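Asker: Predicted model follows, preceded by the sequence.
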Amino acid sequence: MIPIVLYISYAWKDNKSELGSQREELVDKICEALISERYNLIRDRNYLTLGKSIQNFMQEIGRGNYVIVVVSNKYLRSEYCMFEAVEIMKRKNYEQKVFPVVLQDANVYTKEGKTEYIKYWKQQSETLKQLMGSELSAHEDSAMYCQSRLASHS
């Protein structure tokens, strides 16, 4: 029998703010509950060790059996998190493999909120294009490149 592998994708390294601390506590509780039920859970900060590639890990998330995505405002503005999201969406039937947990600060349920995130990534893409010029297209594996392609199709 093939073991089921669960990944958790969330924005971290922000536990100094109140929202960051709450998000970290929630993710800790989700992980503890799943591990106590003997699920094979992979969390980046526990999995990544010296010498392991963060990019390889982000691509592995997309190949996982299931992914719990903790969506926050920080997640939606993080290049790394968006790279993970793109990798997840590349998978066939990804809708059946993703379990989203949408936090209160993620403004995704209104047109205004969605528009704000689209504008944010378009601005990031424009800023990067100005900084890099035509070199952006040479980095097709970067999260920013993927986001600029997504933003141009919306």
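Answerer: Thanks, I have the structure now.
Asker: tell me which element Val70 is part of?
Answerer: Assigned by DSSP states H and E, Val70 belongs to strand 66-71.
Asker: same deal with Phe83?
Answerer: Going by DSSP H and E, Phe83 is part of helix 79-89.
Asker: and after that helix, which helix or strand comes next?
Answerer: Toward the C-terminal end, the helix or strand that comes next after helix 79-89 (DSSP H and E) is strand 98-102.
Asker: just the angle between that next one and strand 66-71, please?
Answerer: 20 degrees (axes from the mean of the first three to the mean of the last three CA atoms, to 10 degrees).
Asker: if we can go back for a sec, distance from the chain centre to the helix holding Phe83, please.
Answerer: Mean-position distance between helix 79-89 and its chain equals 5 Å (CA atoms, centre = their mean, to the nearest Å).
Asker: Just the C-alpha atoms of it, please, in CSV.
Answerer: Output of helix 79-89 as CSV, limited to C-alpha atoms (Å, rounded to 0.1, in the frame of the first residue of the first chain):
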residue,chain,number,x,y,z
GLU,A,79,6.5,34.8,-4.0
TYR,A,80,7.4,31.5,-2.4
CYS,A,81,3.8,30.6,-1.5
MET,A,82,2.6,31.6,-5.0
PHE,A,83,5.3,29.3,-6.5
GLU,A,84,3.9,26.5,-4.3
ALA,A,85,0.4,27.3,-5.4
VAL,A,86,1.4,27.2,-9.1
GLU,A,87,3.1,23.8,-8.5
ILE,A,88,0.0,22.5,-6.8
MET,A,89,-2.3,23.7,-9.7
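Asker: who does it touch, helix- and strand-wise?
Answerer: Judged by 3 or more CB pairs under 8 Å, 6 or more residues apart in numbering; DSSP states H and E, helix 79-89 is in contact with strand 5-9, helix 54-63, strand 66-71, helix 73-76, helix 143-152. Heads up, the C-betas are built off the backbone N, CA and C, glycines and all.
Asker: Comparing those by mean pLDDT, which bottoms out?
Answerer: For the helices and strands packed on helix 79-89, mean pLDDT drops lowest on helix 143-152, to a mean of 53.
Asker: Next, the buried residues of the lengthiest helix in the chain.
Answerer: Assignment by DSSP state H gives helix 111-132 as the longest helix of the chain. For helix 111-132, burial by neighbour count (16 or more other CB atoms under 10 Å) applies to Tyr117, Trp121, Lys122, Gln124, Ser125, Leu128.
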